[in-house]
Every structure is written in structure tokens, then in C-alpha cells.
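Q: sequence and predicted structure, then a few things I'm wondering about:
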Amino acid sequence: MSVLVFAETAEGNFRKPAFESVSYGQRVAASLGLPLHVLCLDHELSESSIKQLGDYGASHVLWDRNELFRHFDPQPFAKALRTAAEATQASVIVLSLTYNGRALAPLLAAQLNAGLVTGAIQLPEFVGQEFRIKKNVFGGKAIATVALRTPVKIIAVLPNAVAPQRASTDVAVELFESGVTASDWKIKIKGIRKSSGKVILSDAEIVVSGGRGLKGPENWGMIEELAEVLGAATACSRPVADVHWRPHEEHVGQTGLTIRPNLYIAIGISGAIQHLAGVNGSKVIVVINKDPEAPFFKAADYGIVGDAFEIVPALTRAFKRFKSGELTFS
Amino acid sequence: MKILVCISRTPDTTSRVAFTDNNTRFDADKVQFIINPYDEWYALVRAVELQESQGAAVTLLHVGGAEGDAILRKALAIGGDRAIRIDAEPPDAYFVAVQIAAFLRQDPHDLVLVGKETIDYNGSQVGGMIAGLLEWPFVSLASRLELAGSTAVLERDISGGKEEIEVPLPVVVSCAKGMAEQRIPNMRGIMAARTKPLTVRAAEPAEALAPMIAFELPKAKQGVKLISPDQPEELVRLLHVEAKVI
């Protein structure tokens, strides 16, 4: 038995969800006294780039350098994971609930007859052979405990929910052939459209979001400026996307994107329940609104009641002074 | 061309979330149930559009108890030719996927549409599991879907953008925003739905692999800390010193 982690990459780079899942897997393996194996499927990686997984506790990495993996198709990726799971006799498989993980995890679970939790927010509680794992339900309005009792268990960890633990482990990289061929790829990629924003909204640690209170698309300059100072992504509420002040990719909420940044700054957004469903997993919420009765204040950690057109530029100046070291706190 | 749309029944988005039976079960008392919005707005409406433009036959399928019939009638009022209810109280997503895969083995369809997730348990599992069980391709989080002969042309969400893809039928597609616009059923649709066939089938035996055994409500927020509009530095200080997010 062992713990197998799929460390997702894009064009030869690990992103935070990969480190989170390696660290999660390492802690599960340590708790159970099982060996840990990590699988990488990306020809653009290098042995030295893979070694950074040691910072999160990986000691043994299986690396399939097949170029076919540059295109994501859940069936052949699941096949590769099955091959690796068999080779390592994995009893626990850990991956991240990224866009790709969302497709891969259930497909793999059905094929392996494995119990699956999508969006784990904590490490498991071990009760005999059973894992009890918490996940958000009802759009973050409640938390459920899922019981996994199957011989093989799959945990898809919610990104930005379980902080990775630093380690310094020596990594042995082993070349691995997962046995996929071109005929396994049924999905053909015809083109890719990148979003316009500088920071990817779904991955962003800080998000600055605007609503109808901003009165028109011409007023988004101050939102973008604040976002730039903070290295944040920009987002918007549904009404703003519906009237095309901002592109639909930026719409967060029940019918748009669900995000869980460390800091969410909502400007001129009243905080309808549908909007909250998309952002209430954020660690810290700041609300700026001229209406003290705006429902968003009830879900906020910090609030400023007042005119966004005065507050946002002043706040941007304050953040700039903080970033430059001019404004310090003892 | 035959399209299967999987329909879930979920509490209305504004429902009070509470649990009963020692916090092991959702408290459905006084709760209004609806078609899972993602199944309705995206999957069902897109299937109906393909029915209108390409003459596809559309089957609606729900796995659940008799209370699901009202949901299926409502869905039939939006569109679709017939509805199937597989009679069971599903203990988890895998059980549902087994039922749908078993139905598809007996009654093949070219395209299976599911919503990206249900708004209650937020699992995002059934579509991928159907594809896993049937060894079909699976496209998750699709925001556009066209049919060109025996090929589906789709756009799917990826980290930081969208990808245009092609895939041969049959395929399972999980539908996300952009796929279609919500439709309100008209009187003609509601009348027609009354006479459309709704068949109830027995469930296949299947075990639950990942049941939810307990629920809890998240810790309440401490309450908002208000900062004066003329003290932006104070907010910066709190975010740095207290919340430690910058």
C-alpha cells in the first residue's frame, strides 16, 4: 500500500495546487506509515524543476515524459494514473480539484471503484479503515463529512484550502512509462484563448471586484490600479457582466466562477446571496459600499461605508506606500 | 441524434440550510425544491436548442424518489420528448452514475449532458463517473457546444482562459456558464408536458462508495470591523498585522 499524488503542471511549471496536494499526500502517508509517490505527466519539466517538490515532502517522483500529455484529456490521464497506482500499489490517490482535477477525479474513481471526495478542506480523520473528510456543501453554507470506506480512496483537495507544509526532502526522480498512446486521446485541442487579466482569477490570492455601484465601465480604471498595486486579479458581479461593462470571465457568483482567495475586496457590490455563494470561501473579505445596510457587510471581515470614488484611490495610495516600505507598522 | 439530459432535484437557492436527525440529513421541512439550476439553464436548455435546430431527440433522466416527478414535469415544460425516473434514494454520486450508465447501455444516446455540479452537495462527480464507467470521452466545464455530424465542437474552461476542442460522439459533457440562457416555460410547453411520457424504472443494485455521514454549519463570522473612510492606512494595517493577508 502507498499514497500516490498527482502533481499537476502546465507547460513545465508547477502551480500552488500541486504543492498543496504533495504536502497533503505527504501528511496522509506519514499518518498511515505508508510510502509516498508523486506522479508528473509533463515533458517540459526537468529533473531540477521536479526537485522543488522535495520542499513539500516528496521523496520519490515518477515522471512520464510523453509529449502527448501536453494536451489534457481526462481518459488518458486517468489511464496513466491507473498504471502508476498499480505500479505503486496505491491505496490513497491525492490530486487537486483544479479545472483538470474536476474532470479527472470522478472518472478515475468510477474506474477504480474508489470512494471519492471532491474539495477536501482538511486532512482526513482516520477511523479504523475509514477516512472521514470534510468538504464544503451548499455553496459554502455548510460543511459535510464524507466517509470513504473503499480499499482505494481518492481525495481531490480544494485549492487554497489546506496550507502546504514546508519540508526539505531529497527527491529521487524515476522515469516512468504509463503506457498511453496517441489513440487514447479522443479530445483534440483546436485553439486556446487566454483571459485578458494579468493575474489568473481562479488562482489569484487577492481579488479586487467591482459591482453596479461603480456606475459604468469607464470607472474601472481605479479597480485595475488597485489590483495592480496588490498583484491581484479583477472580478465583477453578475449585473456588471450582464450589461457588458466587464467580460463574463470575470463574473464571480453562483452562476459564474467560485473563488477562494486569501483576500477579496468588494467595491460597490451589495452582496446578493448568489454573489456570496461564489466568494464566501475567501479567507478575508473587505467590503466598500456607500449603503451601510448592504447585506455584504454581514459577510465581511472589514468594511468601509462611503463613496468608492474617494475611498478606492486613497486606499490605492496607502497600499502603494505600504508596498514601497514608506508606510510601516510596528 | 439522441441526447440525454441528467436532471437533479435541489433545494431552492434561497433555502435555509439546516440539518436534522442528529445532523446527518438535510432538513427539507418547508423547503422548496427546484431543478438544479446548472442542469436546467445550461444542460437542458442547450439540449432543447439542439432539438430545435438539429431535430435531436431529447430524453430527461432523474434518479430519485416519486417527489422528483414534479421536477421532471417542469423540465418537460421547458422541452424534451420524454422523461425517465429511476426510482431510488441515491446514497452518493457513484450510485447515480451507475444508474445512468446502466440506462445508457440499454438505450444508447450520442450525447449526455449534466450541469457542472449540483448546488446542494457541490460534488461535480456524476458526469465524470458516467464517462469512467462507459469509457467515453468526458468534457468538463464546457461553455459552448455545437454538433457537426458525429463530432462535438466545444469550448471548455481552463485555468486562465478557454480551450476550443473537438471530440467524437458519444461524449459526456458537464455544462457551465455560457452554454445557454435560462428559458421560462410557456403555457404551451406546460400543457404539452402533461402528456409527454414519464416512465419509472427500477434501480440497479449499487453500493455507496462515499456517503456523507454528518453535516455542520461553518463558524459564524465575528462581525464586520468598520473602518472610517478617511483612514485607509488603518485598513492596510489591519490586513497586514491582524489578518496577515498582505
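A: In hand now; what should we look at?
Q: CA only for contacts and neighbour counts going forward, please
A: Will do.
Q: B:G132 touches A:A114, doesn't it?
A: No: look at B:G132 against A:A114 with C-alpha atoms under 8 Å: they stay out of range, at 11.7 Å.
Q: now the helices for the stretch 1-150 of chain A?
A: Listed in chain order, the helices found in the stretch 1-150 of chain A under DSSP state H, counting those that start in this stretch are A:16-32, A:47-51, A:74-87, A:99-112.
Q: returning to that earlier point: overlap in contacts of B:G132 and A:A114?
A: Counting by C-alpha atoms under 8 Å, 6 or more residues apart in numbering or on different chains, the contacts common to B:G132 and A:A114 are A:L108.
Q: spatially central residue in the chain, please.
A: I'll assume chain A. Most central residue of chain A, judged by C-alpha distance to the mean C-alpha position with C-alpha atoms, centre = their mean, is A:P159 at 3.0 Å.
Q: nope, chain B please
A: Among the residues of chain B, the one closest to the centroid is B:G115, at 3.2 Å (C-alpha atoms, centre = their mean).
Q: that one contacts B:D39, correct?
A: Yes: B:G115 is within contact range of B:D39, at 4.2 Å (criterion: C-alpha under 8 Å).
Q: part of a strand, is B:L113?
A: Yes: when the secondary structure is assigned by DSSP: H, G, I helix; E, B strand; the rest coil, B:L113 falls within a strand.
Q: ok, it - contacts?
A: The neighbourhood of B:L113, defined by C-alpha under 8 Å, 6+ apart, consists of B:3-6, B:43-44, B:47, B:127, B:172-175.
Q: same deal with A:Y56?
A: The neighbours of A:Y56, taking C-alpha under 8 Å, 6+ apart as the test, are A:19-20, A:22-23, A:26, A:164-169.
Q: and what of B:R156?
A: Residues near B:R156 by C-alpha under 8 Å, 6+ apart: B:139-144, B:162-165.
Q: repeat that with 6 Å
A: By C-alpha atoms under 6 Å, 6 or more residues apart in numbering or on different chains, the contact list for B:R156 reads B:141-143, B:162-163.
Q: again, but for A:P164
A: A:P164 is in contact with A:20, A:23, counting by C-alpha under 6 Å, 6+ apart.
Q: what helix or strand does it sit in?
A: Here A:P164 sits in a region with no helix or strand, counting by DSSP states H and E.
Q: what's the angle between the biggest strand by length in chain B and helix A:74-87?
A: When every strand of chain B is counted residue by residue (DSSP state E), the longest turns out to be strand B:138-148. With axes from the mean of the first three to the mean of the last three C-alpha atoms, to 10 degrees defining the directions, strand B:138-148 sits at 150 degrees from helix A:74-87.
Q: buried residues in strand B:138-148?
A: Residues of strand B:138-148 classed as buried: B:138-145, B:147 (neighbour count, 16 or more other C-alpha atoms under 10 Å in any protein chain shown).
Q: out of these, who's near chain A?
A: Residues of those in contact with chain A (C-alpha under 6 Å from any C-alpha of the partner chain): B:S140.
Q: with pLDDT and distance to A:V312 as added columns, please give the buried residues of strand B:138-148 in TSV.
A: What follows is these, written out as TSV (pLDDT from 0 to 100; distance: C-alpha to C-alpha, whole Å):
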residue	pLDDT	distance to A:V312
B:F138	98	44
B:V139	98	41
B:S140	97	38
B:L141	95	34
B:A142	97	36
B:S143	94	34
B:R144	97	36
B:L145	98	40
B:L147	97	47
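Q: how about the residues of chain A by chain B?
A: Remark: the part of chain A in contact with chain B comprises A:99, A:103, A:106-107, A:110-111, A:115, A:137-138, A:142-148, A:186-195, A:200, A:300-304, A:315, A:318, using C-alpha under 6 Å from any C-alpha.
Q: ramachandran coordinates for B:P137?
A: Summarising the backbone geometry of B:P137 under the convention degrees, to the nearest 10, its torsions are phi -70, psi 150.
Q: from A:Q75, how far out is it?
A: From B:P137 across to A:Q75, the span is 6 Å (C-alpha to C-alpha, to the nearest Å).
Q: got it, and A:S49?
A: Applying C-alpha to C-alpha, the value for A:S49 to A:Q75 is 26 Å.
Q: same question for A:V199.
A: With distances defined as C-alpha to C-alpha, the gap from A:V199 to A:Q75 amounts to 30 Å.
Q: give me the more crowded residue out of the two.
A: The neighbour comparison of A:V199 against A:Q75 (other C-alpha atoms under 10 Å in any protein chain shown) goes to A:Q75, with 26 against 19.
Q: now do the same for that one: its pLDDT.
A: Reading off the per-residue confidence, A:Q75 sits at a pLDDT of 98.
Q: and stretch B:107-127, average pLDDT?
A: Along stretch B:107-127, the predicted local confidence has a mean pLDDT of 97.
Q: brain fart, stretch A:33-47
A: In this model, stretch A:33-47 carries a mean pLDDT of 97.
Q: list the buried residues in that stretch.
A: By neighbour count on 16+ other C-alpha under 10 Å, the buried set for stretch A:33-47 is A:34-45.
Q: mind giving me the packing neighbours of the helix or strand where A:I192 lies?
A: Using DSSP H and E, A:I192 maps to strand A:188-194. Taking 3 or more C-alpha pairs under 6 Å, 6 or more residues apart in numbering or on different chains; DSSP states H and E as the contact definition, the neighbouring helices and strands of strand A:188-194 are strand B:161-168.
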